[in-house]
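A.B. asks: Take this sequence and fold it.
(chains A and B)
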Amino acid sequence: MIKAITNRDLVDAGIPGGSYLPSLTARGNRLLEDHSREDVIQRLKAIYKAEYTVPIVPLLEEGPELKVNLEAGNEAEQANLEACVTTMREAARTPTVRAAAILPDACPSGPAGTITVGGVIATENAIHPGMHSADICCSMMATNLGQVDPRAAMDAAFRHVRFGPLARNTPDRLTLDPQLLKEFEQNPFMREQKILHNAEVQLGTQGDGNHFYFIGISEQTGDTYIVSHHGSRGVGGHLYKLGMKEATKYTGSCSPETLPQNVWIEAESQTGQDYWEALQLARAWTKYNHSSVHDLIARDLGVTGQDRFWNEHNFVFKRNGLYYHAKGATPAWEGFADDNDSAGRTIIPLNMSQPVLIVKGRDNPDALGFSPHGAGRNMSRKAHKRTLEGRTMDEVFTEETAHIDARFQSGKIDTSELPSAYKNAESVIDQIDRMALATVVDRILPHGSIMAGECDAPWKQRRAAR
DNA sequence: ATGTCC
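C.D. replies: Next comes the predicted model:
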């Protein structure tokens, strides 16, 4: 008579303890009728692995080849290029990744192995919150005001925009589309209280950092344009956090080697579908945010402002069965969204003293179908500040904004957003052309720019006091 | 970028 197999035998054989042990043991004892004890234990180990564990996927030995659409013109740009390649190659080892590219405005962001700004990563059945970034649906919108005095447009814009982290909407100014709110409430992510709250109180606000309103003149027609740049504010900020939490949980069980910033949500799972829908709702809110403020400005000026187009540059796009994560990259193919411009126009800003480019994307496969989203930075904000040492802020401001009406809504100059903080505009334009990323169809020549400026947010003061 | 760890 062969000795029966016990739970203890399985644990001794290396199977971790758990509530499944009795059923495994019972199956083993039935197998004992035809197989040796040794053989049965081996079989049970195999059954355990196949039925009771999620397969662990290793990092790719070497990810797909990085498509480099970036040329370095000097030593600083060379250092930037090398840093971008290193971090993107590491990110591309994440098991879900099928393709990766950098664009002429690429610069690193976050810890090693993080997708760069000016970067695109395509994945299979995976949405990576860390790859579309926290500023979900950061985007550009342009409205043609017609033959309006740009000085009047600047003043009207300044009256209606609300920059800065503390900016709030008031219900007498703008109200949220009730249908959109209803859709938020039906989504497991968007019905989060903080998201619903921010959707109301941050409506028509622009935030800070590199976000802006720009007034300029079309080179082609002489018409005055509003161009705005911002994302989904706290709405997307919170959605990003919820997404990262889900992704961290999921990836921990199947790919513990994946870097914390590269975790993902299985796109085809229920959670993945809910998150995808939540991204679309954050996008809809962002569009409403841009367009409702454009409407306020147009109405103030007594025009309709109906010729309008927009594009996101921090988002996830589904194409040919893959999920394209753009972190500061402009989609350059026809039909990237169901509401993209019928004439195929997208918007690439450079810096406040340079024209905003209106382009038609060239869907270049070497750039995975994307074009840049701006000029990009060659150095960190801190490093840029160091280059200005010894000069007063007013001096630098006056020199760099001599030909435009540059306004900071907080009243304090933010030098990290002045033109010298950004890469050389001509070089970026040249690369867009030579690398066949997009065709410039118009340029909105700069008249004026509104940004947040340095802000004294309470949490910043607390940090400074320590 | 985000009231930047509820």
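A.B. asks: show me the contacts for the residue of the stretch 101-250 of chain A found nearest DNA strand B.
C.D. replies: When scored by C-beta to the nearest atom of the strand, the stretch 101-250 of chain A has residue A:209 as its residue closest to DNA strand B, at 1.3 Å. The C-beta positions use only the backbone N, C-alpha and C, and glycine is treated the same way. Taking C-beta atoms under 8 Å, 6 or more residues apart in numbering as the criterion, residue A:209 is in contact with A:417, A:452.
A.B. asks: rerun at 10 Å
C.D. replies: For residue A:209, the residues meeting the contact criterion (C-beta atoms under 10 Å, 6 or more residues apart in numbering) are A:135, A:138, A:163, A:165, A:229-231, A:381, A:414, A:416-417, A:451-452, A:455.
A.B. asks: now these in a markdown table, with pLDDT?
C.D. replies: Below are the contacts of residue A:209 laid out as a markdown table (pLDDT from 0 to 100):
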| residue | pLDDT |
| --- | --- |
| A:135 | 96 |
| A:138 | 98 |
| A:163 | 97 |
| A:165 | 92 |
| A:229 | 98 |
| A:230 | 98 |
| A:231 | 97 |
| A:381 | 84 |
| A:414 | 93 |
| A:416 | 91 |
| A:417 | 94 |
| A:451 | 97 |
| A:452 | 96 |
| A:455 | 86 |
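A.B. asks: Phi, psi for the closest residue to residue A:407 other than its chain neighbours please.
C.D. replies: Of all residues not flanking residue A:407 in the chain, residue A:450 sits nearest, at 5.0 Å (C-beta to C-beta, 6 or more residues apart in numbering). The phi/psi pair for residue A:450 (degrees, to the nearest 10) reads phi -120, psi 130.
A.B. asks: Quickly list what residue A:450 is bridged to.
C.D. replies: In this entry, residue A:450 is beta-bridged to residue A:213, residue A:407, by DSSP bridges.
A.B. asks: Give me the secondary structure label for the residue of the stretch 101-250 of chain A closest to DNA strand B.
C.D. replies: At residue A:209 the chain is in coil, as set by DSSP: H, G, I helix; E, B strand; the rest coil.
A.B. asks: quick one: the residue nearest to residue A:407 from residue A:157, how far?
C.D. replies: Using C-beta to C-beta, to the nearest Å, residue A:450 is found at 6 Å from residue A:157.
A.B. asks: Scan chain A for its longest helix.
C.D. replies: helix A:270-301 (DSSP state H).
A.B. asks: Does at least one residue of that helix sit close to DNA strand B?
C.D. replies: No - counting by C-beta under 7 Å from any atom of the strand, DNA strand B has no neighbours in helix A:270-301; the shortest distance is 10.2 Å.
A.B. asks: The one residue in the stretch 351-466 of chain A that gets nearest to DNA strand B: neighbouring residues, count only.
C.D. replies: Relative to DNA strand B, the nearest point of the stretch 351-466 of chain A is residue A:458 (3.9 Å; C-beta to the nearest atom of the strand). The number of residues packed near residue A:458 is 9, by other C-beta atoms under 10 Å.
A.B. asks: could you pull out the helices for chain A?
C.D. replies: A:7-12, A:21-31, A:37-52, A:75-91, A:129-132, A:150-160, A:178-185, A:193-201, A:233-254, A:270-301, A:381-387, A:393-400, A:425-434, A:458-465.
A.B. asks: can the ones you listed go into TSV with extra columns for distance to residue A:99?
C.D. replies: Output for the helices of chain A, formatted as TSV (distance: least, C-beta to C-beta, whole Å):
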stretch	distance to residue A:99
helix A:7-12	43
helix A:21-31	42
helix A:37-52	31
helix A:75-91	11
helix A:129-132	12
helix A:150-160	39
helix A:178-185	32
helix A:193-201	32
helix A:233-254	20
helix A:270-301	20
helix A:381-387	30
helix A:393-400	38
helix A:425-434	20
helix A:458-465	39
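A.B. asks: winner for burial among those helices?
C.D. replies: helix A:129-132 (a mean of 28; mean count of other C-beta atoms under 10 Å).
A.B. asks: Around DNA strand B, which positions in chain A sit nearby?
C.D. replies: Checking chain A against DNA strand B by C-beta under 7 Å from any atom of the strand, the hits are A:133-135, A:138, A:165-166, A:198, A:202, A:207-211, A:230-231, A:233-234, A:237, A:240-241, A:457-460.
A.B. asks: And the pLDDT at residue A:460?
C.D. replies: Confidence at residue A:460, expressed as pLDDT, is 67.
A.B. asks: returning to that earlier point: give me the buried entries from the contacts of residue A:209.
C.D. replies: Among the contacts of residue A:209, the ones that count as buried by 16 or more other C-beta atoms under 10 Å are A:135, A:138, A:163, A:165, A:229-231, A:414, A:416-417, A:451-452, A:455.
A.B. asks: Model confidence for the residue nearest to residue A:340 when sequence neighbours are not counted, exactly?
C.D. replies: For residue A:340, ignoring the flanking residues on the chain, the nearest one in space by C-beta to C-beta, 6+ apart is residue A:311 at 6.7 Å. Note on residue A:311: pLDDT of 98.
A.B. asks: just to revisit the earlier point, name the nearest of the contacts of residue A:209 relative to residue A:149.
C.D. replies: residue A:451 (21.8 Å; C-beta to C-beta).
A.B. asks: any idea how far residue A:342 lies from residue A:51?
C.D. replies: 53 Å.
A.B. asks: do residue A:86 as well
C.D. replies: Residue A:86 is 41 Å from residue A:51, by C-beta to C-beta.
A.B. asks: Would you agree residue A:420 is in contact with residue A:375?
C.D. replies: No - Residue A:420 is not in contact with residue A:375 according to C-beta atoms under 10 Å; the separation is 11.2 Å.
A.B. asks: Please enumerate the shared neighbours of those two.
C.D. replies: residue A:351.
A.B. asks: Counting neighbours, go ahead and name the busier of the two.
C.D. replies: Shown here are residue A:420 and residue A:375; by other C-beta under 10 Å, residue A:375 has more neighbours (24 against 14).
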